[in-house]
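In: dropping the sequence and predicted coords here.
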Amino acid sequence: MSDKPKVAFYWCSSCGGCEEAVVDLAEQIIDVVAAVDIVFWPVALDFKKSDVEAMEDGSILAAFVNGSIRTNEQEEMAHLLRRKAKVLVAFGSCAHLGGIPALANLWDRDDIFKAVYLDNVSTDNPDGVLPSVKTPHNGEDVTLPAFYQTVRSLDQVTSVDYYIPGCAPTPNVIGDAVQTLLSGDLPPAGTVLSPDISLCEECPRLETKPQDLSLERFVRPHEILIDEETCLLAQGLLCMGPATRAGCGQLCINGNMPCTGCFGPTSRVHDQGGKYLSAVASMLSALEDEDIDSALDSIPDPIGTFYRYGLASSLLRRRKMTSVDA
Amino acid sequence: MSESIAVPQETAAWEPKIVAFFCNWCTYLAADLAGTSRMKYAPNARVIRVMCSGRVDPQFVMEALVNGADGVLLGGCHFGDCHYQSGNHKAARRFRLLKRILVGMGIEEQRIRLEWISAAEADKLRDVMTEMVEQLEALGPLNLQVPDEESSEVGESAESAELAEVTV
Amino acid sequence: MNPADTNGNGQPKIGVYVCHCGTNISAAVDVEAVREFAEGLPGVTVAKGYKYMCSDPGQGLIKEDIQANGLDRVVVASCSPSLHETTFRRATSEGGLNPYYFQMVNIREQDAWVHIDMTEATDKAKDLVRAAVHRVRFHKPLERQRVDVNPAVMVVGGGIAGIHAALTMANAGKHVYLVERDPSIGGHMAQFDKTFPTLDCAACILTPKMTEVRSNPNITLWTMAEVDNVDGYVGNYTVTVRHNKRFILEDACTGCLECIDACVYKVGKTPDEFNLGMSMRKPVYIPFPQAVPPLVVIDQESCIEFKSGRCKKTCVEACAERNAIDFTQNETFDTVEVGAVIVATGFQAFDPKRTPTYGYGVHPEVYTALELERLVNSSGPTEGHVTLRDGRTPQTVGIIHCIGSRDVNTNEYCSRVCCMYSLKLAHLIKEKTGAEIYDFYIDIRAAGKGMEEFYNRVAEEGVHFIRGKVGDVYPEDGDTGRVVLQAEDTLLGRVRKIPVDMLVLATGIEPQADAEDVRRTFNITCASGGFFMERHPKLAPVSTFTDGIFLAGACQGPKDIPDTVAQAGAAASEALALVDRGYVEMEPNTAYVVTEECSGCKTCLPLCPYTAITRVDEKAEINPVLCKGCGTCVAACPSGSIRQNLFEDEEIYEEILGVLAHV
């Protein structure tokens, strides 16, 4: 029986990138593995849910849960890990903010099922079968988890102690966070483990950003040859940097692409998209309504742009439902 | 027109609730003038005074809608009249972008309204209030509540055929 | 964020006061229900109702309760904050609390006075009170910042209002810049002959004041000058004045007028502006004999030298060694610092071409009142003789009141002076010609000292008064040169058709044509009728919503000379109060950057029209003296790192939640 601290990893509605991020710690992973006892990690190790259920409550030091909550199975696992872990960490944008899967909140479940299972040209489903929680088959009931109407972030189903932001979190952020947690000198519950200041502060291109930026319109990355030294916003690209937490090492900027906002907003902001649209609109030069509309037409998908990762945790959370189950 | 959602409200006679953000120098004074002139209009709005329409953060509008407002009205000075020169221009641009997003989120566009009302235009204020209340009454309550989903309640129905009319 | 408190126990103690305002509020809002409701709100220690919160005993309640109950916050639900926010802040302060621990709720102008159903009005009041109680918990103690005031003042407009204001302040020892766009001060009053009701000669009472302006060492008089730009804020205005081209060197010209005699034009061919086109002038001219400054002007449009460059320039010859004529003169600019500005830009007369019924501009014997003033005036185009265009003396004269006034098609307001000046003109014309005068009126407005008496005198002199608006004016049959005025005499109940030799239209008063541009320059507003808007129609008639900018005279609304002078004195005294005190206290609703939160993203820098935001050490910094408190940068900051005193995000969120709490 080892007395190393126990950690668990779990993935909900996610792409697997966060699991990769843990693996991407590269050499550091050896130190991590050496320092802790991983007691649950479905993608990598063969522990079962029943193993977790058998543990004492609070016996896991930290559970790192990535992915958003889309099914009741994921919610159940979230509650389970909450009970069994002292510290529950929302790992990655999906768990922190809802992530890209939360963009599905622009539709109701019925819309989604119809699009995937019925109206899809590449799906052959002549009987119009839809997934259901219980399907009788050969005298037994085959069950599936229930598919919620609304994608949620982890803290919308249970209390979360810390957030490691990013899609996926970068090695330095993960490394720093793990060190902090292992050190015992824990920050206040609810802290997002990256600097509470926006990305421009650490961006190498900040000096090239003019003090009187005024844009007639925005451009999309494929529309221009992106200069590798100049501030991307100054080039007309809709960089989310000013509205996004720092700490990622500007990997996207260094890849000559604008920030898309995956670290989420600073703690002062209630709604990342709402706040940034205010800044973006202030940057435009248009004065009359027609000119404003024409400038705004250069942002073809404002919700996708401003809420790419944060729709579930935004103030509105989802598109207004057209129908609801009683 | 959306189907009304069966979320229980306490009163039988629902009245639309409007949160209004008025700039101190123009629209707020117009509302005062409507008062001193004893004009009459519907009591559905709750006015929050700000110094300039440029102070209005889109998050305010969202918080209002999410916490029960059926509509939000922004009032500021006409272009060229802003007491602070250009705050209203920022407000105009922010409003138009915010509106695109809110409409994309399924909120009817009459629910968020921006009006330029000068300190002398008390009658315009009264008319805007009246018209907005009428429009909201026709639209019904906003009801942005995201339904709670407990495991036991969801996805019981197995059959495929009955799907409500959906718009994507 | 936790609500700030001064007791250290985490929860401020709030006093709520619901004003009845006599029956103004209590007749439409159940004030006791609101009071009771307030009492039940969390954090409310004291909730009282009172008939007149703004009165001494009302304010006393606040002061006593702060002391007796250890209140941390005060909420008053009463009238509009634009009326009494200062009053209650002061009361709060006198009670021992920081004045910004106060929040006001408007349940009168925006509730009791505009809603019919008492239940709904009361519900609204409750929501608003709840919002204020929520909000005020987050208020912070703030201090008003003191800024020095520049003791110089500017008066824009050199009519009787501007002249009186300038003299008052100059005599108080202040330096005054008097800026007038015409070549001479005097305004419209200089064009009048006699003034009602005393029949004082306008020039006799005006010209001494004009001379005083010129000789007062404290007044810098700039004519042919206009305000180009105003920057700054109360106590510290930077005004750029543009000097238009007179083509005369003001220091050299002695006003001898020899250049006019010498001009190659033997007779004037340009319509004289002062005489409203009823006489001609030469390209070089003096606006009127008593002009101040007593200098000539050259009109670029009609002077041959400008048209061809080959004039003999006999004017220059006549000017000889004074050398005061300069055809190459350019516009110049002066920038001055002043503490306050009085706007006294006057009015324009209604143009009766807009009401073609009366035949102005069509029939030669239809005149405006101002044109008649010039005719009766002895320095006018006819040397004071009231004659028709062909020189004959009229035997019948009609005067129609309310042209361009009291009319939904033109201006709805009453121009206030037309009845009285119509009576004056009736008297003067009758005195000079013995003609039969017919005054067509709707009402005779003769308010003020001596006015009604004057009306009676004129009536006794045999002027005919017909109560009815003239419906049609047409030439009399038979080529007599007369026009027939057709009106219903409503007192007799008969239609009258009265042929007259001369028709005078009592044209109303309108704002100047460029009022909209002028008001933007000074950042003030125009209100009903297009006149500049005063801060409050009763209690603040000479100040505007822009601190440090005052109004005087007809630019604020139609008025006669006594009221104009009174208002000019009032504006001067309020401007004096401002600059004499020597400082102003700025409203502390400024924005500030939380430096450790700022990322230096530069989003805010270009947004401030007052350039209050600069980049210092790679972060944004706001100068609290320049910041005017609009909050635009606060809303724009994408990381939420700028806050606004008195309008913090948390405070506004609390208000939003507060008004919606029951939904």
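Out: Nice, thanks for sending it over.
In: does any bit of the helix or strand encompassing B:Asp127 sit next to chain A?
Out: Element membership for B:Asp127 (DSSP states H and E) is helix B:122-139. No. Using C-beta under 8 Å from any C-beta of the partner chain, helix B:122-139 stays clear of chain A, coming no nearer than 11.6 Å. Where you see a C-beta, it was placed from the backbone N, CA and C, and this is true even at glycine.
In: mean confidence for that helix?
Out: Averaged across helix B:122-139, pLDDT comes to 97.
In: which residues touch C:Gly162?
Out: By C-beta atoms under 8 Å, 6 or more residues apart in numbering or on different chains, the contact list for C:Gly162 reads C:Val155, C:Val156, C:Leu178, C:Glu180, C:Ile185, C:Gly187, C:Ile342, C:Ala344, C:Ala552, C:Gly553, C:Ala568.
In: in what helix or strand does it lie?
Out: With DSSP H and E as the test, C:Gly162 turns up in helix C:160-171.
In: would you indicate which residues of stretch C:545-558 are buried?
Out: C:545-558 (16 or more other C-beta atoms under 10 Å in any protein chain shown).
In: sorry, that was for stretch A:19-28
Out: A:Glu19, A:Ala21, A:Val22, A:Asp24, A:Leu25, A:Gln28.
In: out of the buried residues of stretch C:545-558, the closest to chain B would be?
Out: When the buried residues of stretch C:545-558 are ranked by distance to chain B (C-beta to the nearest C-beta), C:Phe545 comes first, at 6.1 Å.
In: chain A contacts on chain C?
Out: C:596-603, C:605-607, C:615, C:618, C:632, C:635-641, C:649, C:653.
In: follow-up on the earlier one: among the buried residues of stretch C:545-558, which are in strands?
Out: C:Ile549, C:Phe550, C:Leu551 (DSSP state E).
In: low-confidence ranges, the chain, go.
Out: In the absence of a named chain, chain A is used. A:1-2, A:26-30, A:32, A:323-326 (pLDDT under 70).
In: my bad, the chain I had in mind was chain C
Out: Within chain C, the ranges that satisfy pLDDT under 70 run C:1-10, C:663.
In: looking at it, which residue is nearest chain A?
Out: Using C-beta to the nearest C-beta, the single residue of chain C nearest to chain A is C:Gly640, 3.0 Å away.
In: coming back round to it: what packs against the helix holding B:Asp127?
Out: strand B:18-23, helix B:27-36, strand B:71-76, strand B:112-116 (3 or more C-beta pairs under 8 Å, 6 or more residues apart in numbering or on different chains; DSSP states H and E).
In: any idea which residue sits dead centre in chain A?
Out: A:Ser93 (1.9 Å; C-alpha atoms, centre = their mean).
In: my guess is that residue contacts A:Cys167. True?
Out: Yes. Using C-beta atoms under 8 Å, A:Ser93 is in contact with A:Cys167, at 3.9 Å.
In: let's see stretch C:212-231 as CSV, backbone CA atoms only.
Out: Taking Å, rounded to 0.1, in the frame of the first residue of the first chain, the C-alpha atoms of stretch C:212-231 are listed here in CSV:
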residue,chain,number,x,y,z
GLU,C,212,-18.5,102.1,-21.5
VAL,C,213,-17.6,98.7,-22.9
ARG,C,214,-15.0,100.2,-25.1
SER,C,215,-13.4,102.3,-22.4
ASN,C,216,-13.5,99.7,-19.6
PRO,C,217,-10.0,98.5,-19.1
ASN,C,218,-11.1,95.1,-17.9
ILE,C,219,-12.9,94.3,-21.2
THR,C,220,-11.1,93.0,-24.2
LEU,C,221,-13.6,93.7,-27.0
TRP,C,222,-13.3,91.6,-30.1
THR,C,223,-15.7,92.4,-32.9
MET,C,224,-15.8,90.6,-36.3
ALA,C,225,-14.9,87.6,-34.1
GLU,C,226,-16.5,84.2,-33.5
VAL,C,227,-15.8,81.4,-31.1
ASP,C,228,-14.2,78.6,-33.1
ASN,C,229,-13.6,76.0,-30.5
VAL,C,230,-14.0,75.4,-26.7
ASP,C,231,-12.0,72.8,-24.9
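In: tabulate the buried residues of stretch C:545-558 (a markdown table), appending distance to chain B.
Out: Shown next, in a markdown table, are the buried residues of stretch C:545-558 (distance: C-beta to the nearest C-beta, whole Å):
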| residue | distance to chain B |
| --- | --- |
| C:Phe545 | 6 |
| C:Thr546 | 8 |
| C:Asp547 | 11 |
| C:Gly548 | 14 |
| C:Ile549 | 12 |
| C:Phe550 | 17 |
| C:Leu551 | 15 |
| C:Ala552 | 20 |
| C:Gly553 | 20 |
| C:Ala554 | 18 |
| C:Cys555 | 16 |
| C:Gln556 | 14 |
| C:Gly557 | 13 |
| C:Pro558 | 17 |
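In: and which of the residues you listed is nearest B:Ala31?
Out: Closest approach between these and B:Ala31, by C-beta to C-beta: C:Phe545, at 15.0 Å.
In: now that closest one: phi and psi?
Out: phi -70, psi -10 (degrees, to the nearest 10).
In: could you do A:Lys134 as well?
Out: Residue torsions, per degrees, to the nearest 10, at A:Lys134 are phi -130, psi 120.
In: how far away is C:Ile622 from B:Asp57?
Out: For C:Ile622, the distance to B:Asp57 equals 17 Å [C-beta to C-beta, to the nearest Å].
In: these two: which is more packed in?
Out: Set side by side, C:Ile622 and B:Asp57 show unequal neighbour counts under other C-beta atoms under 10 Å in any protein chain shown, the larger going to B:Asp57 at 29 against 21.
In: do I have it right that the more buried one meets A:Lys275?
Out: Yes. Between B:Asp57 and A:Lys275 there is a contact under C-beta under 8 Å: 7.1 Å.
In: residues of the helix holding C:Gly162 that come out buried?
Out: Quick answer for helix C:160-171 (16+ other C-beta under 10 Å): C:Ile160, C:Ala161, C:Gly162, C:Ile163, C:His164, C:Ala165, C:Ala166, C:Leu167, C:Thr168, C:Met169, C:Ala170.
In: can you flag which of the contacts of C:Gly162 belong to helices?
Out: The members of the contacts of C:Gly162 that map onto helices under DSSP state H are C:Ala568.
In: so which of the contacts of C:Gly162 are in strands?
Out: Going by DSSP E, the strands hold C:Val155, C:Val156, C:Leu178, C:Ile342 from the contacts of C:Gly162.
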